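Participant: Mind looking at a prediction? Sequence and model below.
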Amino acid sequence: MSLGSKGFRRHTKYQALAQGLDAVVGADDPEAAVDEVLTWYPRHSGTLRPLLQLGSNLERALRQPTPQPPFALQPGRARLLAAASSLSPHSAGILGLPGRLGAQVRMAAKMVAALALIVIFLAPLSRQVVGASRHSVPGQLLYPLKIHVERVQYSGATLPDVRVALGLAFLGERVAEIQVLVGQQEPIDYEMIVEVQQLVNQLLYSAAQAPEATMPDTLEYVSLQLQGYLEVLDSLAGATTTVNAAALSRVRAVCDRGAMISHYALGNPLSYREAYHAGRPELFLLPGENPLEGPPLPVRDNVATQGGMGE
Amino acid sequence: MTSELELLARAKDADKRAIADLYDQYAHRIYGYLYRRVGNAQVAEDLTGDVFVKVLEAIRARQLWQVSFRAWLYRIAHNTVVDWYRRHGADGYDSVDDGQFEAVTREPGGALLADSWSHHELRAALRSLSEGQQQVIILRFGEGLKTREVAEVLGKSVGAVEALQHRALTSLRQLLEG
């Protein structure tokens, strides 16, 4: 093996070590590489050898595999995609255009500028309103706006992983709202149950559309998150009123089934994907479920009947 | 197959798919680096997510890499670790998993392997280095970055990194073999 000649150049001991390490670290035969490097820098050979050997050892020691990340780096991916979904593409060409703009384009640009001025004046107000709505709970004036903003965000997301991340975030919001309602002894209304059910269903559909390679991680993440929400809901059971107890139980059942489906789907992702792609989630049954009866998901009529809450 | 240059060009234009692909390509390396710095898998995974969200924010603000994307990415990871230590103090290193250094003594063959080191000794020796020296050792030998890239990550000159590297290895040698 020839590592080339560094012959007649004079190097500081720092440079000699740096260049020597470039040759030694990762070499097939580090011992031979060290010997050759020492011929390049005879002035430093006394101090260089042990440092080069140490560097080679360190490389072997530090490049050992690290433990697997607990969630296979999927939460970070979902966060990134959720953040990216609000990213507008960079329009690199616009800065170079003014000299070539025709009269019509310039007029359009002026209109856009005027519109932008209006938006700039109105945006802070609307941002404040939207910001305030984030903390609202059912029954408050701004709550419909909060739900509307969430739906706009969700409909803007195209990638399944992003939809899963958003769905879980919004479901977390619903659970937090339920906590507030229970704490204030306010009723959990029927719309909340429907909203939770829709979110869980959307989550399961989106997870089924995730890329094959990432679907198991996505499903596991959904299952774990839903289990976390279940723990929160369980902690509320003792503090709730009789009327809310039925609604809480229904919300819990929806989340529980979602957690179980995502968990069991891990064992049979193909049939899970097929059932949800075909728009027939009822075909993906949990152990012990009767296919004739279908899954016990609450629907509009039986929520009103079983939960004791009419519209 | 998309080349890395093409991927990076698309990422610069805020292409979501390219950004996701970059995550898939680099997240494990960054996780490994963060794990070596904080010593806890859960924290390292959380910080990996933080790093890539910062990447996205930097792309959005057009604060882009000039020469090496890899060095730029490690620089963001480095700053993220510095922030994390600022918030949590230096306790993170106490939880470093000893197993990560175990192979030093178990690697079969190889005359250069220092059989007398234990992983505890290596870990303790690394911890006794200055912050800058630890950074250079981890980036240079743990992550396989070139001296120029390490300099870019740490915001130092190549000469300063070469000097840091020399001092770090000299100290380590004294600690491990002295």
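Facilitator: Cool, the structure landed. Numbering: from 1, shown residues only, chains lettered A, B, ... in the order given.

Participant: Please count neighbours and contacts with C-alpha atoms only from this point.
Facilitator: Noted.

Participant: Look up how far residue A:146 lies from the closest residue to residue A:149 other than its chain neighbours.
Facilitator: Spatial nearest neighbour of residue A:149, chain neighbours left out: residue A:130 (7.9 Å); criterion: C-alpha to C-alpha, 6 or more residues apart in numbering or on different chains. Going from residue A:130 to residue A:146 by C-alpha to C-alpha, to the nearest Å gives 7 Å.

Participant: More neighbours: which of those two?
Facilitator: Taking neighbours as other C-alpha atoms under 10 Å in any protein chain shown, residue A:130 and residue A:146 compare with residue A:146 leading, 20 against 16.

Participant: SS state for residue A:69?
Facilitator: coil (DSSP: H, G, I helix; E, B strand; the rest coil).

Participant: err, residue A:267, not the other one
Facilitator: Three-state assignment for residue A:267 (three-state DSSP): coil.

Participant: Would you list the phi and psi of it?
Facilitator: Main-chain torsions, residue A:267, degrees, to the nearest 10: phi -80, psi -20.

Participant: same deal with residue A:157?
Facilitator: The phi and psi values for residue A:157, taken as degrees, to the nearest 10, are phi -90, psi 130.

Participant: need the contact list for it.
Facilitator: Contact analysis of residue A:157 by C-alpha atoms under 8 Å, 6 or more residues apart in numbering or on different chains lists A:82, A:85, A:163.

Participant: Throw the residues you listed into CSV and include pLDDT, neighbour count and secondary structure, thanks.
Facilitator: Putting those into CSV (pLDDT from 0 to 100; neighbours: other C-alpha atoms under 10 Å in any protein chain shown; DSSP: H, G, I helix; E, B strand; the rest coil) gives the following:
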residue, pLDDT, neighbour count, secondary structure
A:82, 79, 23, helix
A:85, 70, 18, coil
A:163, 85, 26, helix
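
Participant: now, which of those residues sits nearest chain B?
Facilitator: Using C-alpha to the nearest C-alpha, residue A:85 is the member of the contacts of residue A:157 that sits closest to chain B, with 7.3 Å.

Participant: where's residue A:84 relative to chain B, distance?
Facilitator: 6 Å (C-alpha to the nearest C-alpha, to the nearest Å).

Participant: Quick check on residue A:153: phi, psi?
Facilitator: With angles defined as degrees, to the nearest 10, residue A:153 sits at phi -60, psi -40.

Participant: what about it, neighbour count?
Facilitator: Residues lying near residue A:153 (other C-alpha under 10 Å) number 15.

Participant: What of residue A:115?
Facilitator: 11.

Participant: Next: residue B:67.
Facilitator: Neighbours of residue B:67 (other C-alpha under 10 Å): 10.

Participant: Does it belong to a helix, a strand or coil?
Facilitator: Counting by three-state DSSP, the backbone at residue B:67 sits in coil.

Participant: dump the residue contacts of the closest residue to chain B within the stretch 1-150 of chain A.
Facilitator: Using C-alpha to the nearest C-alpha, residue A:76 is the residue of the stretch 1-150 of chain A that sits closest to chain B, at 3.8 Å. Counting by C-alpha under 8 Å, 6+ apart, residue A:76 touches B:45, B:46, B:48, B:49, B:50, B:52.

Participant: what's stretch A:132-149 in contact with?
Facilitator: Under C-alpha under 8 Å, 6+ apart, the answer for stretch A:132-149 is A:130, A:177, A:180, A:181.

Participant: rerun at 6 Å
Facilitator: With C-alpha atoms under 6 Å, 6 or more residues apart in numbering or on different chains as the test, stretch A:132-149 has contacts from residue A:177.

Participant: how about the nearest residue to the closest residue to chain A within chain B, chain neighbours excluded?
Facilitator: At 3.8 Å from chain A, residue B:49 is the closest residue in chain B, using C-alpha to the nearest C-alpha. Computed as C-alpha to C-alpha, 6+ apart, the closest residue to residue B:49 that is not its neighbour in sequence is residue A:76, at 3.8 Å.

Participant: ok, now residue A:276?
Facilitator: Nearest to residue A:276 is residue A:205, by C-alpha to C-alpha, 6+ apart, at 5.9 Å.

Participant: Tell me which helix or strand that neighbour sits in.
Facilitator: Per DSSP states H and E, residue A:205 falls inside helix A:190-209.

Participant: buried sites along that helix?
Facilitator: Within helix A:190-209, the residues scored as buried using 16 or more other C-alpha atoms under 10 Å in any protein chain shown are A:190, A:192-197, A:199-209.
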